[in-house]
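> Would you be able to build a 3D model of this:
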Amino acid sequence: MSARYRMAEGFGILGIVPGSPADEAGLKAGDEIVALNEVPIAKLGLPPVAIEPSYARIEAFVAILTNALTVGPVVVKARNLSDIRKVNLAGRTACAAPVAVVPGDRPEAWSDAHYAAVTQGLARLARDDELAFAVAHEMAHVLLQHAGEPHGPLTTIGIGGRRSRERERAADRLGTILMVRAGYDAKGAEAFLQRMAASNPLGISMTHPSVRARIESIKATAQEMKSEQTVRD
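Alright, predicted model coming up:
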């Protein structure tokens, strides 16, 4: 692989998003990142290249780059077939966590301290405004650091369920605010919950409030945002 793509221990860039900080800095697809702030990749303390497939090495690199960008611009040394150059890469405020689409036919979404995830089944089933709420709800869990809070092992049978339902209500509220501020209609949240309820005819959950209660809460949050906007106007 190293010989074919003329790469050493750096990280190859597969593509650049137009208008992104990397694009503005002059990085291009095919470049190999070989150093950050004059520190060679080999000296960053990254996990070794594994025989078995693993994202551990690239995730460690992304974490180092992300932390460096929170301080200020990073000097990235990149090389390609013709030259080696240094560019100043600036950070840009973004989402609290990456969004991952994972294999699976069941329409599901979840999050942990690092990722918000939806299944392929959900991505295929939901309309844009519905999917926006699903992602915003999971992103809200990340922002509210719910993954770091204790979850009782008996929550699924109702013991400790109150705390879980409170977390879900908080994520619904913040998720609604996030999706509306991103330009989506809060009615997409209502439609999403109704769609999910249809896939669970029993409608019983020890860890979530009832669908009716969630929809009423979302409507109240959306109305509150409209009232605040009217006052500002």
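> does the residue in the chain sticking out farthest from the centre belong to a helix or a strand, and which?
With distances taken as C-alpha atoms, centre = their mean, the residue sitting farthest from the centre of the chain turns out to be Ser82, at 35.4 Å. For Ser82, there is no helix or strand it lies in under DSSP states H and E.
> For it, what are phi and psi?
Backbone torsions of Ser82, given as degrees, to the nearest 10, read phi -110, psi -30.
> try Pro40
Phi and psi for Pro40, reported as degrees, to the nearest 10, are phi -60, psi 150.
> so it bridges to which residues?
In this structure, Pro40 bridges to Ala35 when assessed by DSSP bridges.
> I figured it was touching Glu32, is that so?
No. Taking C-beta atoms under 8 Å as the definition, Pro40 is not a contact partner of Glu32, at 12.0 Å. Just so you know, the C-beta spots here come from the backbone N, C-alpha and C atoms, and that holds for glycine as well.
> With neighbour numbers in mind, choose between those two.
When Pro40 is set against Glu32 and neighbours are counted by other C-beta atoms under 10 Å, the residue ahead is Glu32, at 20 against 13.
> Skipping its backbone neighbours, what lies nearest that one in space?
Ranked by C-beta to C-beta, 6 or more residues apart in numbering and with sequence neighbours excluded, the top spatial neighbour of Glu32 is Gly10, at 4.2 Å.
> And the one you found, how far from Gly188?
Plainly put, Gly10 is 42 Å away from Gly188 if you go by C-beta to C-beta, to the nearest Å.
> For the two, indicate the residue with more neighbours.
Comparing Gly10 with Gly188 by neighbour count (other C-beta under 10 Å), the higher total belongs to Gly188, at 23 against 18.
> Centre of the chain to the host helix or strand of Thr230, how far?
With secondary structure defined by DSSP H and E, Thr230 is part of helix 211-232. Put simply, helix 211-232 sits 24 Å off its chain's centre (C-alpha atoms, centre = their mean, to the nearest Å).
> and after the worst-scoring helix or strand of the chain on mean pLDDT, which helix or strand comes next?
The helix or strand of the chain with the poorest confidence is helix 2-5; it has a mean of 64 (mean pLDDT, DSSP states H and E). Counting by DSSP H and E, the element after helix 2-5 in chain order, helix or strand, is strand 11-12.
> For that next one, what does the pLDDT average out to?
The pLDDT scores in strand 11-12 average 90.
> for it, packing partners?
For strand 11-12, the packing partners by 3 or more C-beta pairs under 8 Å, 6 or more residues apart in numbering; DSSP states H and E come out as strand 32-36.
> where exactly do the strands run in this structure?
Taking DSSP state E as the test, the strands found in the chain are 11-12, 32-36, 39-40, 74-79, 84-89, 99-102, 109-111, 116-119.
> Need the winner for burial among those.
Mean neighbour count (mean count of other C-beta atoms under 10 Å) peaks for strand 116-119 among the strands of the chain, with a mean of 22.
> what's the closest non-adjacent residue to the residue nearest the centre of the chain?
Among the residues of the chain, the one closest to the centroid is Pro98, at 2.7 Å (C-alpha atoms, centre = their mean). Counting by C-beta to C-beta, 6+ apart, the nearest residue to Pro98 once its immediate chain neighbours are dropped is Tyr115, at 5.8 Å.
> so the one you found touches Val101, yeah?
No. Using C-beta under 8 Å, Tyr115 is not in contact with Val101; the gap is 10.8 Å.
> Identify each buried residue in the helix holding Thr230, please.
Of the residues in helix 211-232, those buried under the neighbour-count criterion (16 or more other C-beta atoms under 10 Å) are 211, 214-215, 217-218, 221-222.
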